[in-house]
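Enquirer: After the sequence you'll find the predicted model.
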Number of protein chains: 2
Amino acid sequence: MTSPAKFKKDKEIIAEYDTQVKEIRAQLTEQMKCLDQQCELRVQLLQDLQDFFRKKAEIEMDYSRNLEKLAERFLAKTRSTKDQQFKKDQNVLSPVNCWNLLLNQVKRESRDHTTLSDIYLNNIIPRFVQVSEDSGRLFKKSKEVGQQLQDDLMKVLNELYSVMKTYHMYNADSISAQSKLKEAEKQEEKQIGKSVKQEDRQTPRSPDSTANVRIEEKHVRRSSVKKIEKMKEKRQAKYTENKLKAIKARNEYLLALEATNASVFKYYIHDLSDIIDQCCDLGYHASLNRALRTFLSAELNLEQSKHEGLDAIENAVENLDATSDKQRLMEMYNNVFCPPMKFEFQPHMGDMASQLCAQQPVQSELVQRCQQLQSRLSTLKIENEEVKKTMEATLQTIQDIVTVEDFDVSDCFQYSNSMESVKSTVSETFMSKPSIAKRRANQQETEQFYFTKMKEYLEGRNLITKLQAKHDLLQKTLGESQRTDCNLARISVSSC
Amino acid sequence: MTSPAKFKKDKEIIAEYDTQVKEIRAQLTEQMKCLDQQCELRVQLLQDLQDFFRKKAEIEMDYSRNLEKLAERFLAKTRSTKDQQFKKDQNVLSPVNCWNLLLNQVKRESRDHTTLSDIYLNNIIPRFVQVSEDSGRLFKKSKEVGQQLQDDLMKVLNELYSVMKTYHMYNADSISAQSKLKEAEKQEEKQIGKSVKQEDRQTPRSPDSTANVRIEEKHVRRSSVKKIEKMKEKRQAKYTENKLKAIKARNEYLLALEATNASVFKYYIHDLSDIIDQCCDLGYHASLNRALRTFLSAELNLEQSKHEGLDAIENAVENLDATSDKQRLMEMYNNVFCPPMKFEFQPHMGDMASQLCAQQPVQSELVQRCQQLQSRLSTLKIENEEVKKTMEATLQTIQDIVTVEDFDVSDCFQYSNSMESVKSTVSETFMSKPSIAKRRANQQETEQFYFTKMKEYLEGRNLITKLQAKHDLLQKTLGESQRTDCNLARISVSSC
């Protein structure tokens, strides 16, 4: 037998077990608290989502109303225009078309944001309400399941405690029986040892005097040995019985130990996991997914609708065209812009001649005049062609200025990390750029020069047109003068 | 000579010409009015565009501020959470991640709408202001050019009038000279006719008495004829001179007519067109184009930014995952969810045996127990497998309900022609659908059944786990019992 100090006392074992169970019980409580907390957070999140979308629905509705008002303000203005034909006429002009599409776009956006707001209120929020209800109900049910599992686990631990105690009791009984048996064995050994010593001591004494004593002693001794043996047998039987009980109790303890460890493992590895994802989370992620996808669908539809409108505007902007607008304007005011009837020759007092007379004596003068006109025209044309070239080059410069592609504002949407610096970045983009101011001054200067050249060119063209017409008529007539006769050479009363 | 009734009188011609010129003058005035009107409309349109964008900038700013407030309201809440670690922990959960991205999106949109508003105010509106200034200035200059061209045209018309009058005058002189010449010719003829008659008459008279008279008469007649001839010559010269003047005047008239018609044609066909598109419209369409493209660029950048945000949310929604969230939760609360230490066998009072004892006399009992366990387990497993199948089928039904793809709201953005019917259409979409309510009732019923089966399954698994652990230990030990010895057969004091 080893020293009792080397093995744990019953109390120590029980205390250790109690500690272990207490720790598990604390963990189980914490687990429930953790689930409660997750449930609370989930309910809070869903409440936040509802509040968020409710408030956002208000914002979208507000935005929509403001856009509607904006569109109406300008549409009412057009509607109030008394002359509907005039309004209709103006609409064919490309800038007016752009303007109408801008207003349409605002109306479209207004309508879409109302729809968005309505989807928030009547589709998305009710979904979150449902998810929240479902979550609460499921958490409650999940906790019930979890509590049941924890109770079962505690039962297993209590069972283990109980079989351990039984093992302790039977093992103690077995040890006690064993020590009693050992005592009996010691007594038997002592009894046997005493008889051997007495026989050795009696040998040197007289044989006669000792013979009676010996017989009497032998009898006493024999009955004592028998008594001891009987006691030993009894104790042996007790020990065997207790030992068997202890073994069985230990077996039960060992089996319960195995079952307990398996149950604990199952609970921590499978049950907890199943409670969370097959009970608490049942449909939660899927329903949340659908609610958020509804939001995404709404936003993407809004985006698409807006984009379609922007496409229409872009198309109208691409079709901004001065030439076709001019054409439309002239058609619109046809009576104002259509050329008048040609001025016809009005013969005076029945003057029969309606053609240029190019016979002698005016012929040579006309020939000379035609030649002079021709030479003047060629000079004028060269000069005016120069003016035109300068004018066109200047026009090109202006075109280059006014068509510069300075409309990309992507940079404004590239924010630096600090959100606060947005405004200053944007404000710089257009007006305050020194290059723009310079370009603008340059533009006006060029414009001034352009108009000077334009006037010069038009004046030149004016003169050329007149002289050219005269020259052409002269040339044509002189070419025909061999054939025609204006009767100047043989003036008579009856002719001319 | 034809009757004066057959050709127009001077006054008629002049009156007709005056009418024609008056009409042209009226057209020219109308043209200027038309340009003025177009200028006014243009200025008005540009003013409207400025007002529109100024108002829209306000609306966007308002919208942005509201979005900012909305985001801040919820972000402040998270920020105020004292336990930053807790907040950080929660962020790893997929629904919280979605929520954070939603708030980010609102912040992003707020920022983008501020940018939009700023671009309206500091880029687009200044552009329209410039276009308006340019337009006004150009119209003024264009009108000057147009006025000059009209003045020139009127000068040409006046010239034509003047040369026509000259032609009339010279032609009238020519006609007058011609009639005078004709008169002289008649007188001459008459004189010649008189002398022939007298000579015929004188022949029957006495020759002597009539001879003197004849000489005297001859003398008178000759001087008279001479006088008439001289007058006729004089008138012939006058007529020739006037006729030449008339021809030259007619030539000038014809040339002026040609020049005038060419000038009028040039003015109506070229000048007016040039004034409109090379002066009035100079840069107008191009500048308007750039202003509107700036608007489009801003809107498209806003759209892109928003879309990026939505993509991020979509990605987060796709990553909504119960399993990984459970994993993260358990890692987060590792101390709460980690399995405890295994329960170890605690030997009682130095009990040396720590294994199951499977020798006689307990052996046969254990063998029987093991067999009973085996048969009970196989029944339990079959039963629980059935429960599991039912449970899983029910779970699948719930999954089918909660993952139904009912989130497409495209229909809400397909408006009927009447804009007023929007609200009723949208509101029907989610909650009021009878199918949804039915589905929902169905879902809860199914859920109830699921939990019943779930509990049944978990209880079964509980029992199976315990019995299986015991069975496995028994089976293992019985398999080893040939080799091991728990000393029950030869119990001695020193052993067990």
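Expert: Cool, got the structure. Numbering: from 1, shown residues only, chains lettered A, B, ... in the order given.

Enquirer: residue ranges for the helices of chain A, please.
Expert: Ranges of helices in chain A, per DSSP state H, are A:10-80, A:84-91, A:94-119, A:125-202, A:207-266, A:272-274, A:284-318, A:322-332, A:334-337, A:362-402, A:422-428, A:434-480.

Enquirer: winner for burial among those helices?
Expert: helix A:94-119 (a mean of 22; mean count of other C-beta atoms under 10 Å in any protein chain shown). Glycine gets a C-beta too; all of them are placed from N, C-alpha and C.

Enquirer: circling back to that earlier point, any chance of the helices of chain A in JSON lines with distance to chain B as columns?
Expert: Below are the helices of chain A laid out as JSON lines (distance: least, C-beta to the nearest C-beta, whole Å):
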{"stretch": "helix A:10-80", "distance to chain B": "4"}
{"stretch": "helix A:84-91", "distance to chain B": "7"}
{"stretch": "helix A:94-119", "distance to chain B": "4"}
{"stretch": "helix A:125-202", "distance to chain B": "4"}
{"stretch": "helix A:207-266", "distance to chain B": "4"}
{"stretch": "helix A:272-274", "distance to chain B": "6"}
{"stretch": "helix A:284-318", "distance to chain B": "4"}
{"stretch": "helix A:322-332", "distance to chain B": "4"}
{"stretch": "helix A:334-337", "distance to chain B": "4"}
{"stretch": "helix A:362-402", "distance to chain B": "4"}
{"stretch": "helix A:422-428", "distance to chain B": "4"}
{"stretch": "helix A:434-480", "distance to chain B": "4"}
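
Enquirer: do you know which of these lies nearest B:D118?
Expert: Closest of the helices of chain A to B:D118 is helix A:422-428, at 4.1 Å (criterion: C-beta to C-beta).

Enquirer: Mean confidence (pLDDT) on the closest one, please.
Expert: Across helix A:422-428, pLDDT averages out at 47.

Enquirer: rank the helices of chain A by pLDDT, which is bottom?
Expert: helix A:422-428 (a mean of 47).

Enquirer: got a list of what the closest residue to A:F451 other than its chain neighbours touches?
Expert: Spatial nearest neighbour of A:F451, excluding adjacent residues (C-beta to C-beta, 6 or more residues apart in numbering or on different chains): B:K141 at 5.2 Å. Contacts for B:K141 (C-beta atoms under 8 Å, 6 or more residues apart in numbering or on different chains) come out as A:447, A:451, B:279.

Enquirer: out of the residues you listed, who's nearest A:K87?
Expert: B:C279 (26.3 Å).

Enquirer: coming back round to it: closest to B:S94 out of the contacts of B:K141?
Expert: When the contacts of B:K141 are compared against B:S94 (criterion: C-beta to C-beta), the nearest one is A:E447, at 62.2 Å.

Enquirer: Nearest residue to the residue nearest the centre of chain A in space, please, no chain neighbours.
Expert: Nearest residue to the geometric centre of chain A (C-alpha atoms, centre = their mean): A:L296, 8.2 Å. In this structure, A:L296 finds its nearest non-sequential neighbour in B:E314, 5.6 Å apart by C-beta to C-beta, 6+ apart.

Enquirer: Please report how far that neighbour lies from A:Q304.
Expert: Distance, B:E314 to A:Q304, using C-beta to C-beta, to the nearest Å: 15 Å.

Enquirer: Name all residues that make contact with the nearest residue to A:F413 once chain neighbours are set aside.
Expert: Nearest non-adjacent residue to A:F413, counting by C-beta to C-beta, 6+ apart: B:N301, 4.3 Å away. B:N301 sits next to A:409-410, A:412-413, B:112 when contact means C-beta under 8 Å, 6+ apart.

Enquirer: thinking again about what came up before, now tabulate the helices of chain A in a markdown table and tack on distance to B:R440.
Expert: Shown next, in a markdown table, are the helices of chain A (distance: least, C-beta to C-beta, whole Å):
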| stretch | distance to B:R440 |
| --- | --- |
| helix A:10-80 | 16 |
| helix A:84-91 | 52 |
| helix A:94-119 | 19 |
| helix A:125-202 | 7 |
| helix A:207-266 | 35 |
| helix A:272-274 | 25 |
| helix A:284-318 | 11 |
| helix A:322-332 | 60 |
| helix A:334-337 | 68 |
| helix A:362-402 | 63 |
| helix A:422-428 | 45 |
| helix A:434-480 | 61 |
